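**Student:** Mind looking at a prediction? Sequence and model below.
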Amino acid sequence: MNVQELTKLVSGGESDRLELKQTTGQRTSAMKTLCAMLNGLGGFVLFGVTDQGNIIGQQISTRTLEDIAAELRRIEPPAFPDIETVTLETGNGVIALMVPGGGGLYTYDGRPYLRSGPTTSVMPRAEYERRLIERLHVTHRWENEPVAEEITIADLDEEEIQITMDNAIRLGRLEATDRRDTASILRGLDLIREGNLLNVAVALYGKTNQLKTLYPQMGIRLARFRGKNRLADFADNRQYWGHAFALLRRAESFLMDHVPIAGRVVSGKMIREDQPWYPPRATREAMANALCHRDYTIPGGAVAVAMYDDHLEITSPGALQFGITPEKLTKPHESKPWNPIIANVFYRAGIIERWGTGTLNIIDWCAENGNPAPTWQEQAGSVYVTFLPATLPDTPQVGTKLALSQNQETEEATEQVGAHDEAHDEAHEPMSNIEQRILVICSDESRSTPDLLQFLGYKTRTGNFKRALARLLGLGYLEMSIPDKPKSKNQRYRLTTKGRKLIQESNKRQKR
């Protein structure tokens, strides 16, 4: 650094990255600031410059540099700033200490410090503990700790593990391998290390009753309130315990039972267009994110889904970490999952995407469905995402799915009411969106059930999927490739002549 560069540096005055000290007699407070800069963005500490920015310098001797070195040794862990001396025309010199940032965890005389603008202060205890946890997070966290000795692979859902492998291979997120035994798959997914089964394996696939006592936090709470807040009575209240994949399916099924769906007949089309109050892709992504990012060290913690008359709320226990804020979640941001192994398995299974796109996708899917952008909030040690209902179009409604009680059957949960006569012939009822999509998917070639689920974006055969497929078969638009063995694993579905004619007629009407 030369005099010109020094002058330019000082011209902006003190800031979060620049501290000015008139002499090394102020080295104690200077080292506190240097510690704060190490814990923040880094910066410069200059000796020989007044608070007003006047470069006056000071006499510099070997003893002067030794005194600074002695103060530096009081910083832990050891810090090694770049030290330069700039000689002035008067013969005095300015000593410049420069340190890089990085948000580390440094202390001076046993105390951590923070820099805020030109002010240095002691780091609050809560902030220190948060940074300490994040610092240890890479190597020591709940998900990569070994399970208790009595827990074995037999306590895991081996069928679910094989499903994960199948989905990962089909999506190209894992290479096919001949080693398909459960232990090999778990090692490949980093759920077994050095022969030890990890907590993350239980979170993802645990299913036995003994695990329910050892891991009470593996739960989800689902509620439909008759009102706009939690003071209202329950219309439905459910609690489940299980592994992450099972809990996600429970939550999806619950929302399928309770989210109203407006249907409308569009002029010139054979199908009915359905618009749910809350887009399923967005709510599913939010629930998957909650399972990935939640704090599993809270014994009584559980992901919660609460639906009210005017909004939907998904809660994840644990705070936002690594500098992520609710505002950053609405913009492109780096993906830093609190449970990276869980996130990696969810990614391979096709449940989430990488690179911090999940919250942005949620916002986009809400916009496509006519919903306002959701909001994220951190409060009382939990993270909340709130969805508002879609603005429904002012068009003739075919029917609305009503919220049902927990005791009603799944078949009742999808009935359309209010716009159809009970004696209405099923063959004349407009097709739902899922029925039309199945026909389009099968229009070029026959498809297996896994093929249909993948194209539709489903992970399991939901009630809606089963009913849509059964209706298309019953109406003669689809046929089975092996009709005498309807449950064959080799079964495929293809369009009939009647189905092809229906597609052709629909295409003609849309071109008019």
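**Tutor:** Perfect, thanks for sending it.
**Student:** Tell me if I95 really is in a strand.
**Tutor:** Yes: checked against DSSP: H, G, I helix; E, B strand; the rest coil, I95 lies within a strand.
**Student:** Can you report phi and psi for Q217?
**Tutor:** Main-chain dihedrals, Q217, degrees, to the nearest 10: phi -70, psi -10.
**Student:** Surely it and I298 touch.
**Tutor:** Yes: in this structure, Q217 is within contact of I298 by CB atoms under 8 Å, at 6.1 Å. Yep, even glycine has a C-beta here, placed from its N, CA and C like the rest.
**Student:** In terms of neighbours, single out the busier of these two.
**Tutor:** Just comparing Q217 and I298: by other CB atoms under 10 Å the higher neighbour count belongs to Q217, 18 against 15.
**Student:** Show the backbone phi and psi for the spatially closest residue to that one that is not a sequence neighbour.
**Tutor:** Residue nearest to Q217 in three dimensions, not counting chain neighbours: G301, with 5.1 Å by CB to CB, 6 or more residues apart in numbering. Per-residue torsions, G301: phi -80, psi 150 (degrees, to the nearest 10).
**Student:** who are the neighbours in contact with G301?
**Tutor:** For G301, the contact set (CB atoms under 8 Å, 6 or more residues apart in numbering) comprises 217, 294-295, 317-318.
**Student:** and the closest residue to S481 other than its chain neighbours, what does it touch?
**Tutor:** Excluding the flanking residues, the one nearest S481 by CB to CB, 6+ apart is R492, at 4.2 Å. R492 makes contacts with 446-448, 480-482, as judged by CB under 8 Å, 6+ apart.
**Student:** what is R492 paired to in the beta sheet?
**Tutor:** For R492, the beta-bridge partners under DSSP bridges are S448.
**Student:** from here on, count from 58
**Tutor:** All set: I'll call the first residue 58, so the last point we hit is now R549.
**Student:** got a pLDDT number for it?
**Tutor:** pLDDT, R549: 92.
**Student:** swap in the one 4 residues further on?
**Tutor:** We note a pLDDT of 92 for T553 in this prediction.
**Student:** do the same with the one 4 residues further on
**Tutor:** Per-residue confidence for R557 comes out at a pLDDT of 87.
**Student:** hang on, isn't it packed against V497?
**Tutor:** No: if you go by CB under 8 Å, R557 and V497 don't touch, sitting 11.6 Å apart.
**Student:** what about D235, is that helix, strand or coil?
**Tutor:** The three-state label given to D235 by three-state DSSP is coil.
**Student:** Determine the number of other residues adjacent to it.
**Tutor:** Neighbour tally, D235, other CB under 10 Å: 6.
**Student:** now do R494
**Tutor:** R494 has 17 nearby residues by other CB under 10 Å.
**Student:** Can you give me every residue that contacts L304?
**Tutor:** 275-277, 297, 348, 360.
**Student:** Show the subsequent helix or strand relative to the lowest-mean-pLDDT helix or strand in the chain.
**Tutor:** Within the chain, no helix or strand scores below helix 467-470, which has a mean of 33 by mean pLDDT, DSSP states H and E. Counting by DSSP states H and E, the next helix or strand C-terminal to helix 467-470 is helix 490-498.
**Student:** Output the contacting helices and strands for that following helix.
**Tutor:** Counting contacts by 3 or more CB pairs under 8 Å, 6 or more residues apart in numbering; DSSP states H and E, helix 490-498 packs against strand 329-333, helix 506-513, helix 520-531, helix 554-568.
**Student:** Perfect, I'm done here.
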